[in-house]
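predicted model and sequence follow; I will ask about them next.
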Amino acid sequence: MTGAGPALSAAAGVVYALILSPIVVVLLLAFSADNFILFPPSGYSLRWFIQLAANGPLLNALLLSAQIAVAVTALSLLIGVPAALALAKGGFRGAEAMKSFFLAPLLLPTLIIGLALLLAFTPLRLTATLPGLALGHMTITLPFVIRMMTTAFAAMPDDIEAAAATLGASPRRVIRRVTLPLAAPGLIACAALSFLLSFDETVISLFLSGPRAATLPVEMVRYVEGRTDPLIAALSMVLIVGTLVIVVLVERLVGVARAFGNERS
Amino acid sequence: MTRQPRLAWLLAPATLFLVLVYVWPTLGLFRIAFNEVGPTGAMIEAWSLATWRHVFADSFTFELTLNSIWLSLTSTFLALLLSYPVSLFLFRTESRFRSLLAVIAIMPMLVSSVVRVFGWLAILGDRGLINSLLQSLGVISAPVRMVYNWTGVTIGLAESIMPYMILALLAGFGRLDRTLEEAARSLGAPPWRTFLRVTLPLSLPAIALAFGLGFILSMSAYITPKLLGGGRVFVLATEIFEQATTNTNWPVAAVLAVYTLALLLGLLALSNLFSRRLQT
C-alpha cells in the first residue's frame, strides 16, 4: 500500500484543524475590539496592543523573563557543553551511567521539581529572586543542553581532530580551534532552545515566584485567573511571533537537522 | 580521536549543579514528608508517619485520586483517538510536505500552555466560537457551559498531550511491516478489514506506550486543570500546589507529591509490562 488514502487524509485534516484552532483563535482575538472574550469578535482594532504597551506588570515580567532566559542559557551552555564534550569524547568508565544521571530531571514532573525547589529555596531566601528562578529553570535546560550537545559531539567526524593532534596541537588547542568551531551550529540551536524553554517555563516559576518577582508566564496565569479580556491574546500574538522568528532564524542560520549531524547518517 | 579519560573532570560543574539543585531538593522533599504539622500550622521536625495518617484518613485524598485518574483516562483516550489518524497519516504519506506537516502536528509544544488555554477559553467559553455558532444556527437557546468544569479541562488536557502522543505513536509505527498490509489487500480484504485485522493489532504496542506517556503527562499537569477548571476542578496536582503555596502546609504537600510519584511509577511499570506483552 502506498500513500495515505483519502479517508485517512480527511481524518488527519480534521484533527489538524483541531490542533491549530486554539492558536488561530488567539491570533484573531488579539485584534478584537471587544471588552471581553467574544468569538468571533464584533469588531477589530489594535486597542489591546496599545493596552499591552501600557501594562506595567506584564512588561516588567517580560523583562525579568528575558533576563532569566539569557542567564539560564549562558550558564547551561557554560557547564553543559564541557560535560557533553567529556561524555562524547572521554570514553571513561561510567560514562553511560553519567548520561542517565544528567537526564534524570527530565523524568520528574515539573510539578514535583517545583515543589522540591520551593521547599529547598525558602530557607535560603532564594524564592522570588532572579538567581532562584534561573537555578530552577536550569534543572530543565541543562539536561537538554547536555543531551543535545553529546549527540552533536558524537556525530562529528573524528579524523579532523586526529589530524590536528598529529600535527602537534595540544588536546586543549584541538578542542578550542577544531572541536568547538565544528560544533557551532549545534551550539546555536542549543542556545535558542534553552532560551525558549526558560522563557516558557511555567510550573516551576509558579512555585518560585512571589509578589516581588514574577516571570511572564506567571503574570499571564494570574491575569487569566482574574480577568478574561483579549489583552492576553495580544500578548500571545507577540510571543508566538517572537518564537517563530527565533525558530526560523536558527533554521536559516544552521538548519536544525544539520546542527545535530543528521545529514551524515 | 584518541579517547581522553582526563576529560572526566569536565563533568564536575554539571554534576555539582545537579546534586545541589536537583538531587538534594528531591531528597529534601521526601524528608519533609515525614515531618509533622503543629497545632499552629507550623512545621515540626520529626520522623513520623503522622502526616501520612492525616492525609490518608481524609476522604478528600481518595476523591482527588479518583478525579486525577478519571481525568487522565478520559483525556488520554480522547487524545489517542485524535492522535492515531494523524500519526498513521504522517507515517504513510508520501507528500513533499511531510516534515512540515510533522512540525505542525507537534507545534503546540512550542506554544506556551497559558496561550493554548486562553485559546480554548475563546473556543469553548459562554460567548466563544462553539456557543456563538450553535446559537446562530438555532440549535441551542442558552450557552452550553464547557469551561470552568471537567469538559473544558478534558478537552484542553487532551490537546496539550497530543504532540507527545503523536511522537510516541510515530516512533512505534516504525515497526509496522507494510508488506503484511499489502498481503491482506491483495488477498481481497477491504481497507477497513485490513485496518481492523492487520494494522490495528500490529500497532498495539505503540498504542500502549503512547497511552502510558499521555496518562503520566495528564496526571502531573497543573496549568490546564487550574485555568480551564476555574477553581472548580480538583485533582492531585492542583491540591499539591494549593497546599504548598496558599496553605504553606509543606508536610501535606510533600506527602501528596510522594504519593502521586508512587502512583506514576506504578502506572509506568504497568504500561511497560503491557507494551512488552503485546510485542511478544
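Okay, I see it. In this text, all values refer to a predicted model and were calculated from it rather than measured experimentally.

state the number of residues packed around residue 191.
Here I'm looking at chain A. 19 (other CB atoms under 10 Å in any protein chain shown). Backbone N, C-alpha and C define where each C-beta goes, glycine included.

switch to chain B, please.
15.

next: A:Gly43.
Other residues close to A:Gly43 by other CB under 10 Å number 10.

for it, give its distance to chain B.
Counting by CB to the nearest CB, to the nearest Å, the separation of A:Gly43 from chain B is 14 Å.

chain neighbours aside, what residue packs nearest to the closest residue to chain A within the stretch 101-250 of chain B?
Closest residue of the stretch 101-250 of chain B to chain A, CB to the nearest CB: B:Gly119 (2.7 Å). Nearest non-adjacent residue to B:Gly119, counting by CB to CB, 6 or more residues apart in numbering or on different chains: A:Pro22, 2.7 Å away.

what's the first helix or strand after the helix or strand in which the one you found is found?
Assigned by DSSP states H and E, A:Pro22 falls within helix A:6-29. Beyond helix A:6-29 on the C-terminal side, the first helix or strand identified by DSSP H and E is helix A:47-53.

C-alpha coordinates for the helix or strand encompassing the residue of the stretch 101-250 of chain B closest to chain A, PDB please?
Assigned by DSSP H and E, B:Gly119 belongs to helix B:113-124. Extracted in PDB, the C-alpha atoms of helix B:113-124 (Å, rounded to 0.1, in the frame of the first residue of the first chain):
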ATOM      1  CA  SER B 113       0.400  26.300  27.800                       C
ATOM      2  CA  VAL B 114      -1.200  29.600  29.000                       C
ATOM      3  CA  VAL B 115      -1.700  30.700  25.500                       C
ATOM      4  CA  ARG B 116      -3.300  27.500  24.400                       C
ATOM      5  CA  VAL B 117      -5.600  27.500  27.500                       C
ATOM      6  CA  PHE B 118      -6.600  31.100  26.500                       C
ATOM      7  CA  GLY B 119      -7.400  29.800  23.000                       C
ATOM      8  CA  TRP B 120      -9.700  27.200  24.500                       C
ATOM      9  CA  LEU B 121     -11.500  29.800  26.700                       C
ATOM     10  CA  ALA B 122     -12.300  31.600  23.400                       C
ATOM     11  CA  ILE B 123     -13.500  28.500  21.700                       C
ATOM     12  CA  LEU B 124     -15.400  26.800  24.500                       C
END
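
in terms of secondary structure, what does that helix contact?
In terms of contacts (3 or more CB pairs under 8 Å, 6 or more residues apart in numbering or on different chains; DSSP states H and E), helix B:113-124 is packed against helix A:6-29, helix A:216-226, helix A:231-253, helix B:129-136, helix B:150-173, helix B:223-229.

pull up the residues of the stretch 151-280 of chain B that are close to chain A.
Of all the residues in the stretch 151-280 of chain B, those in contact range of chain A (CB under 8 Å from any CB of the partner chain) are B:159, B:162, B:178, B:181-182, B:185, B:191, B:216, B:220, B:222-223, B:226-227, B:237, B:240-241, B:244-245, B:250, B:253-254, B:257, B:260-261, B:264.

just the buried ones from those residues?
B:159, B:162, B:181, B:216, B:220, B:222-223, B:226-227, B:237, B:240-241, B:244-245, B:250, B:253-254, B:257, B:260-261, B:264 (16 or more other CB atoms under 10 Å in any protein chain shown).

helices - which of these land there?
B:159, B:162, B:181, B:216, B:223, B:226-227, B:237, B:240-241, B:244, B:250, B:253-254, B:257, B:260-261, B:264 (DSSP state H).

in chain A, which helix or strand is least confident?
Using mean pLDDT, DSSP states H and E, the weakest-scoring helix or strand in chain A turns out to be helix A:256-259, at a mean of 56.

so B:Gln279 makes contact with B:Pro205?
Yes - at 4.8 Å, B:Gln279 counts as touching B:Pro205 under the criterion of CB atoms under 8 Å.

who has more neighbours, those two?
Neighbours per residue, other CB under 10 Å: of B:Gln279 and B:Pro205, the larger number sits with B:Pro205, 18 against 12.

enumerate every residue touching that one.
Contacts for B:Pro205 were tallied using CB atoms under 8 Å, 6 or more residues apart in numbering or on different chains; they are B:Gly172, B:Arg175, B:Ser275, B:Leu278, B:Gln279.

who are the packing partners of the helix or strand B:Thr76 falls within?
Per DSSP H and E: B:Thr76 is located in helix B:59-92. Judged by 3+ CB pairs under 8 Å, 6+ apart, helix B:59-92 is in contact with helix A:6-29, helix B:98-105, helix B:150-173, helix B:204-219, helix B:236-244, helix B:250-279.

buried ones in that helix?
Quick answer for helix B:59-92 (16+ other CB under 10 Å): B:61, B:64-65, B:67-69, B:71-76, B:78-80, B:82-92.

ok, now stretch B:121-136?
In stretch B:121-136, counting by 16+ other CB under 10 Å, buried: B:Leu121, B:Ala122, B:Ile123, B:Leu124, B:Gly125, B:Asp126, B:Gly128, B:Leu129, B:Asn131, B:Ser132.

could you do stretch B:95-111 as well?
Neighbour-count burial for stretch B:95-111 [16+ other CB under 10 Å]: B:Leu101, B:Ala102, B:Ala105, B:Ile106, B:Met107, B:Pro108, B:Leu110, B:Val111.

just to revisit the earlier point, tell me the one of the buried residues of stretch B:121-136 nearest A:Asn60?
Nearest to A:Asn60 among these: B:Leu121, at 24.4 Å, using CB to CB.

correct me if wrong: that closest one contacts B:Leu228.
Yes - between B:Leu121 and B:Leu228 a contact is recorded at 7.3 Å, counting by CB under 8 Å.

okay, and the common contacts of those two?
Counting by CB under 8 Å, 6+ apart, the residues touching both B:Leu121 and B:Leu228 are B:Val147.

centroid-nearest residue for the chain?
This is for chain A. A:Leu197 (2.0 Å; CA atoms, centre = their mean).

hmm, I had chain B in mind actually
B:Leu217 (2.0 Å).

spatially nearest residue to that residue (excluding sequence neighbours)?
B:Ile161 is the one closest to B:Leu217 (CB to CB, 6+ apart), at 4.8 Å.
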